[in-house]
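>>> Kindly generate the corresponding structure for this input.
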Amino acid sequence: MHVYLCRAEPAHAVLIGKVKTCVWPDEPVDTCQIERALQRPDHVSYVALTVTGAVAGFVDAFPTRSVDGRLRWEVDLLAVHPDYQGQKLGQRLVAAVTDAGFGAGMMLARALVQIDNHACQGALRRCGYATDGQVYQLIISTAQADTLDSVPDGTHLIEVETMNYNGLWLEGTITTASLRAGQTERTRRGCDLVGALIPVEQADLLAAAQALGYTPVEQFQWWMREAG
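Numbering: from 1, shown residues only. Predicted structure coming up:
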């Protein structure tokens, strides 16, 4: 069946939610959150549409700024409906959203991918992305924290709106103090969650994070591509 790509619009939120349910049946779907992400002017999303108007797949991306001020293009979410997998739709979606980011002046595109998501890894690899092999444990917290903790120097706090949540990312130097500060900032700003990526070798820090109320989710790797 012929499938063509186009920019996603808020009206596609329900159909995107149906694809998410098929690809990740154990994860809740918030159509309103998908719509909010699609309404943001800094997001670029594509859908793969069939001739009947069904969504066969989608991808979402948005910019963030690193601790040193560098703009990055976050390829945040990629999914292809099981009925359309094996047709390189993922590759087409990644290529389209990557071109959009580089066309907007981004010098680095990156995607955080679960270590066992081989389909996504293959699509990224065919689009010129590569990983250094470092494995990270994703940890998240939804705990309330009403403290005076401030974000330590060297820790970078990024607020993001994705199709899954509104939250905070902790980057840079991650310590127990920055993890506590992240919980405080999440509570103060009313975000859904705060998350961080910890190298799996840092067992002591991971244990400290769990003691603070962070929950380990899955293990991931960064896949990156430089512009040019």
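>>> At the geometric centre of the chain, which residue do we find?
The central residue of the chain, meaning the one whose C-alpha is nearest the mean C-alpha position (Cα atoms, centre = their mean), is Asp76 at 3.2 Å.
>>> Might you report the residue contacts of that one?
For Asp76, the contacting residues are 60-62, 111-112, 162-163, by Cβ atoms under 8 Å, 6 or more residues apart in numbering. All C-beta atoms are positioned from the backbone trio N, CA, C, and that covers glycine.
>>> Going by neighbour count, which of those comes out on top?
Looking at those with neighbours defined as other Cβ atoms under 10 Å, the largest count falls to Ala111 at 29 neighbours.
>>> Does that residue touch Leu124 like I think?
Yes - A contact is recorded between Ala111 and Leu124 when judged using Cβ atoms under 8 Å, the distance being 5.8 Å.
>>> Closest to Val51 out of the contacts of Asp76?
Minimum separation from Val51 among these (Cβ to Cβ) is found for Asp60, which lies at 23.3 Å.
>>> Could you chop the protein up by domain?
3-127, 136-223 (automatic domain parsing).
>>> Turn those into a markdown table, columns for mean pLDDT.
Formatted as a markdown table, these follow (pLDDT from 0 to 100):
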| stretch | mean pLDDT |
| --- | --- |
| domain 3-127 | 95 |
| domain 136-223 | 94 |
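>>> can I assume Glu74 sits in a strand?
Yes - looking at Glu74 with DSSP: H, G, I helix; E, B strand; the rest coil, it is inside a strand.
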